[in-house]
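Enquirer: Model the following, please.
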Amino acid sequence: MAKPNPRRSNGNARRKPVRWLRAQGMPCWICQALGFEGTIDYSEKPREMYGNLIDPKLPLSRRYRLENITGNDNEIKDVFVHDMLSENGFAVSSRLIINQGGAENIDIDLKGHLCEVKSPEAGPNPGAKDELKFAYRDVQRARHQFEDRVKKQGKSPVPMRIVMSNYYTKFDESREEDIFRRFCYEVRRQGFAEALFITKAGVVLRAI
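Expert: Numbering: from 1, shown residues only. Next up, the predicted model:
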């Protein structure tokens, strides 16, 4: 069983002072006293907090393996998604309050719009009736997260957007087209406004 994320374990007791500090927007006076700018990033999820590459010069097929990324956050696999979207010209940023409310929150802002990221780790299962069902489940989870923003948090409905990464699946590249087609089918069937698929080679494909 995975260890709980210590950054989330204190719940509201931790979030209250974070909100208080963010509202002030004050610089670090110690840094300023030492002659530095002292600007503080008050976001709870800057890009670096997903994790950092230990050896960024590795070939792409090995560069984003989990053993080459420092950090133990639940969103560590999103490092690949962030980098590939950025390299392909998409404006992407981490959500500032992603860890307030757990799975009900949406992962990233993509071109200024809310977008959920899914990075499945499924693999071949010849005995399964539908070994690509993980695509259905992940798209469904993303849809529920958008719906929960409205039902549980009282937020206004927004068009649903999703990015699915195929990097961590255990299927070889010969099955990538099958996975992409299934993803296309699911996002259309479940009502998404925009959907992107990132291949193992880092190519961004548009499903919608």
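Enquirer: And the next helix or strand past the lowest-mean-pLDDT helix or strand in the chain?
Expert: When the helices and strands of the chain are scored by mean pLDDT, DSSP states H and E, helix 12-24 comes last with a mean of 64. Per DSSP states H and E, the first helix or strand lying C-terminal to helix 12-24 is helix 29-33.
Enquirer: now that following helix: how far from the chain's centre is it?
Expert: Mean C-alpha position of helix 29-33 versus that of the full chain (Cα atoms, centre = their mean, to the nearest Å) differs by 33 Å.
Enquirer: Which strands border the helix or strand just after that helix, and is each parallel or antiparallel?
Expert: Counting by DSSP H and E, the next helix or strand C-terminal to helix 29-33 is strand 52-53. In the sheet, strand 52-53 lines up against strand 69-70 (antiparallel) (DSSP bridges).
Enquirer: can you pull out the strands in this structure?
Expert: Secondary structure of the chain (DSSP state E): strands at 52-53, 69-70, 92-94, 108-110, 113-118, 161-165, 194-198, 204-206.
Enquirer: what pLDDT does the residue in the chain sticking out farthest from the centre get?
Expert: The centre of the chain is farthest from one residue, Ala33, which by Cα atoms, centre = their mean lies 36.7 Å away. Looking at Ala33, its pLDDT stands at 80.
Enquirer: repeat for the one 5 residues further on
Expert: The predicted local distance difference test score for Gly38 is 68.
Enquirer: ok, and what's touching the longest helix along the chain?
Expert: For the chain, the helix reaching the highest residue count under DSSP state H is reported as helix 133-151. Contact with helix 133-151 is made by 103-106, 114, 116, 118, 120, 122, 155-158, 160, 162, 164, 169, 179, 182-183, 186-187, 190-192, as judged by Cβ atoms under 8 Å, 6 or more residues apart in numbering. Just so you know, the C-beta spots here come from the backbone N, C-alpha and C atoms, and that holds for glycine as well.
Enquirer: Thanks a lot, catch you later.
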